[in-house]
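Colleague: here is my input; please provide its structure:
(4 chains)
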There are 4 protein chains.
Amino acid sequence: MRHVYECSVRFDDLDAFGHVNNVTFAEYLQEARVDFAHRYLAYGQRPHEGAVVVHQTIDYLAPVPFRSEPLQVSVWVTRIGTSSFDLAYEVADEKTVFARASGTLVSFDGGAEQPRPLTPQDRAVLERFTEVPA
Amino acid sequence: MRHVYECSVRFDDLDAFGHVNNVTFAEYLQEARVDFAHRYLAYGQRPHEGAVVVHQTIDYLAPVPFRSEPLQVSVWVTRIGTSSFDLAYEVADEKTVFARASGTLVSFDGGAEQPRPLTPQDRAVLERFTEVPA
Amino acid sequence: MRHVYECSVRFDDLDAFGHVNNVTFAEYLQEARVDFAHRYLAYGQRPHEGAVVVHQTIDYLAPVPFRSEPLQVSVWVTRIGTSSFDLAYEVADEKTVFARASGTLVSFDGGAEQPRPLTPQDRAVLERFTEVPA
Amino acid sequence: MRHVYECSVRFDDLDAFGHVNNVTFAEYLQEARVDFAHRYLAYGQRPHEGAVVVHQTIDYLAPVPFRSEPLQVSVWVTRIGTSSFDLAYEVADEKTVFARASGTLVSFDGGAEQPRPLTPQDRAVLERFTEVPA
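Modeller: Residues are numbered from 1 along each chain as shown, chains lettered A, B, ... in the order given. Just a heads-up that it's a prediction; the model follows:
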């Protein structure tokens, strides 16, 4: 199961070349991830806990010009560790895959500023969204 | 030889956790790269030509809170192909390396919207900034 | 008649205080305005023509924390001149008005980099969306 | 006395027309204001107190293309009230004034989420930077 976030393209996302800037793709991934966390993970509800990105890789496949229709940003889980997990992403519309990405997050306790083990509830959610890479 | 870009941290770079957001690191890399291109590469001077990022990987090593002192973003070359090249980056200050990154760019002709071979002048510049990975 | 743009709130819109930053409100106004121009005005279709903001005033009435539901950004016309026009804006949801704003735009010809008179087609659109201030 | 903030222009500040976007000017004002608060005002030191923008007006005088040299963003005080104060701003370089702006801020207590009177220390700083409008 993949979580799909409908992401509006803003004029502000375009760079001087008139395309969505490569940096903005990382923002799109983040919006999809925050939306996923906000809906499903307990840490999405608490302001002082969360997960931080420790690694991220993006492959840019096609440029995105300004568009009124939203993009679909899919996010799913590819690995679950003790306090970390891996996500995969796809930025696409019905016709085109614009980017593929993957990354590692570490769950951390904002008060203590150190990693904390994933809770059983968080693990259960992550398992529902796990898709083993082909 | 590495190109070092002094990058100011903006309040706007902070996220709701009070740290420079992971997405902003990609922006810092871009600013260092644009500054490098603007100073040394011919395509930095022409609005309708340039190079696009086709791949990028970032490892986040330490969080960056708000600071008045700029960060040093270093950029150097690790591979030169026919129309593409690889860059490596480091975001750091005197004491700490906050992130390491690498990426592939493809030189392209904005008018034709297709890759174009690196010019001899661009190759000469890229060679000066090449550092073979250890 | 007012044009209403449904504006998603991004995590990236929040500042270190956990609210949508005041700067981002100006971005929301821009997204509503670009959406309006893109749908109704001829210059929204042509990359090298457009209108530039020469003046803008925003009153901030209530803070916006992170939210999954979009905001409604309304935009309408309050004055039509020869080559300039005034817009008014409201950022709100069903319960709260978060900001009110107004601004002046000048239609310009991107090639010549100087103001150009509004076309009869543009004037007709602007008149449809005009609401005289009380 | 005016506080002058040296503001780097980022490639990311440019919009699809190749100029610094009007929204980014509001960000420049904010960076100058935060730098001022961080250096001189007690609330700049404490994460849960601060001042919020309740009103802001910007006049855009000249476009800013990409540039390697920083802009000078000046900020000074034009009115001091009980818990609010007014600032004026100028975005310029040696030759050109690109924008003038003004705004009202309200000092607030982040814990209580309501306005708090300016402290005697804050008032003394604001008085040093006050310039009565001509």
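Colleague: just the strands in chain A please.
Modeller: For chain A, applying DSSP state E gives strands covering A:3-7, A:49-60, A:71-80, A:84-92, A:97-109, A:114-115.
Colleague: parallel or antiparallel, list what pairs with the fifth one.
Modeller: Same thing as strand A:97-109. Here strand A:97-109 has these sheet partners by DSSP bridges: strand A:49-60 (antiparallel), strand A:84-92 (antiparallel), strand A:114-115 (antiparallel).
Colleague: tell me how far that strand lies from the chain's centre.
Modeller: Between the centre of strand A:97-109 and the centre of its host chain there is 5 Å, according to C-alpha atoms, centre = their mean, to the nearest Å.
Colleague: in that strand, what counts as buried?
Modeller: Within strand A:97-109, the residues scored as buried using 16 or more other C-beta atoms under 10 Å in any protein chain shown are A:Phe98, A:Ala99, A:Arg100, A:Ala101, A:Ser102, A:Gly103, A:Thr104, A:Leu105, A:Val106, A:Ser107, A:Phe108, A:Asp109. Where C-beta positions appear, they are placed from N, C-alpha and C, glycine not excepted.
Colleague: can you pick out the most distant pair from those?
Modeller: Distance extremes for those: the farthest pair is A:Phe98 and A:Asp109 at 35.2 Å, using C-beta to C-beta.
Colleague: pLDDT weak spots in chain A?
Modeller: A:42-49, A:110-112, A:133-134 (pLDDT under 70).
Colleague: now the longest helix along it, how far from the centre of its chain.
Modeller: Ranked by number of residues, the top helix in chain A under DSSP state H is helix A:22-40. Between the centre of helix A:22-40 and the centre of its host chain there is 4 Å, according to C-alpha atoms, centre = their mean.
Colleague: quick one: is it near chain C?
Modeller: Yes - where contact is defined by C-beta under 8 Å from any C-beta of the partner chain, part of helix A:22-40 touches chain C, namely A:Glu27, A:Gln30, A:Glu31, A:Val34, A:Asp35, A:His38, A:Arg39.
Colleague: now do the buried residues in that helix.
Modeller: Those buried within helix A:22-40 under the rule 16+ other C-beta under 10 Å are A:22-37, A:40.
Colleague: name the helices or strands packed onto it?
Modeller: Applying 3 or more C-beta pairs under 8 Å, 6 or more residues apart in numbering or on different chains; DSSP states H and E, one finds that helix A:22-40 makes contact with strand A:3-7, strand A:49-60, strand A:71-80, strand A:84-92, strand A:97-109, helix B:22-40, strand B:49-60.
Colleague: of all the ones you listed, which one is nearest D:Gly50?
Modeller: Judged by C-beta to C-beta, the one of these that comes nearest to D:Gly50 is helix B:22-40, at 20.8 Å.
Colleague: and that closest one with helix A:22-40, angle?
Modeller: Here helix B:22-40 runs at an angle of 180 degrees relative to helix A:22-40 (axes from the mean of the first three to the mean of the last three C-alpha atoms, to 10 degrees).
Colleague: quick one, helix B:22-40 and strand B:71-80 angle?
Modeller: When the same axes, to 10 degrees is applied, the directions of helix B:22-40 and strand B:71-80 differ by 70 degrees.
Colleague: can you give me the angle helix B:22-40 makes with strand B:3-7?
Modeller: 130 degrees.
Colleague: returning to that earlier point: among the strands of chain A, which is nearest C:Arg116?
Modeller: strand A:71-80 (33.6 Å).
Colleague: just the C-alphas of the closest one, formatted as CSV.
Modeller: Once non-C-alpha atoms are left out, strand A:71-80 reads as follows in CSV (Å, rounded to 0.1, in the frame of the first residue of the first chain):
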residue,chain,number,x,y,z
LEU,A,71,1.0,16.1,-8.9
GLN,A,72,0.7,12.7,-7.2
VAL,A,73,3.5,12.1,-4.7
SER,A,74,3.4,8.5,-3.6
VAL,A,75,5.3,7.4,-0.5
TRP,A,76,5.8,3.8,0.9
VAL,A,77,8.1,1.9,3.2
THR,A,78,10.9,-0.3,2.1
ARG,A,79,12.7,-1.2,5.4
ILE,A,80,11.8,-1.0,9.1
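Colleague: near chain B, anything from that strand?
Modeller: No - using C-beta under 8 Å from any C-beta, strand A:71-80 stays clear of chain B, with a minimum separation of 13.5 Å.
Colleague: give me the buried positions along that strand.
Modeller: So for strand A:71-80, counting by 16+ other C-beta under 10 Å, buried means A:Leu71, A:Gln72, A:Val73, A:Ser74, A:Val75, A:Trp76, A:Val77, A:Thr78.
Colleague: nearest residue to the middle of chain A?
Modeller: Central residue of chain A (C-alpha atoms, centre = their mean): A:Arg33, 3.4 Å from the mean position.
Colleague: give me the nearest residue to that one, chain neighbours excluded.
Modeller: Leaving aside its sequence neighbours, A:Arg33 sits nearest to A:Val75 (C-beta to C-beta, 6 or more residues apart in numbering or on different chains; 5.8 Å).
Colleague: what sits against that neighbour?
Modeller: A:Val75 sits next to A:Arg2, A:His3, A:Tyr5, A:Leu29, A:Ala32, A:Arg33, A:Phe36, A:Leu87, A:Ala88, A:Tyr89, A:Phe129 when contact means C-beta atoms under 8 Å, 6 or more residues apart in numbering or on different chains.
Colleague: same thing with A:Ala62?
Modeller: Residues counted as contacts of A:Ala62 (C-beta under 8 Å, 6+ apart) are A:Thr96, A:Val97, A:Phe98.
Colleague: pull out the buried residues from stretch A:87-97.
Modeller: Within stretch A:87-97, the residues scored as buried using 16+ other C-beta under 10 Å are A:Leu87, A:Ala88, A:Tyr89, A:Glu90, A:Val91, A:Ala92.
Colleague: chain C: which of the residues of helix A:22-40 next to chain C is nearest?
Modeller: Of all those, the one sitting nearest chain C is A:Val34; the distance, using C-beta to the nearest C-beta, is 4.2 Å.
Colleague: name the nearest residue to that closest one, ignoring sequence neighbours.
Modeller: Nearest in space to A:Val34, with sequence neighbours left out and distances taken as C-beta to C-beta, 6+ apart, is C:Phe11 at 4.2 Å.
Colleague: mind listing what the one you found touches?
Modeller: A:Gln30, A:Glu31, A:Val34, B:Asp15, B:Ala16, C:Phe66.
Colleague: the second one: what's it in contact with?
Modeller: Read it as A:Glu31. Applying C-beta under 8 Å, 6+ apart, we find A:Glu31 in contact with A:Tyr5, A:Cys7, A:Val73, C:Arg10, C:Phe11, C:Asp12.
Colleague: quick one: the residue nearest to the centre of chain A and A:Phe85 touch, right?
Modeller: No - in this structure, A:Arg33 is not within contact of A:Phe85 by C-beta atoms under 8 Å, at 11.1 Å.
Colleague: now for the two: what residues contact both?
Modeller: With contacts taken as C-beta under 8 Å, 6+ apart, A:Arg33 and A:Phe85 have A:Leu105 as neighbours in common.
Colleague: I'd guessed A:Glu127 sits against A:Thr78; true?
Modeller: No - taking contact to mean C-beta under 8 Å, the distance of 11.9 Å between A:Glu127 and A:Thr78 leaves them out of contact.
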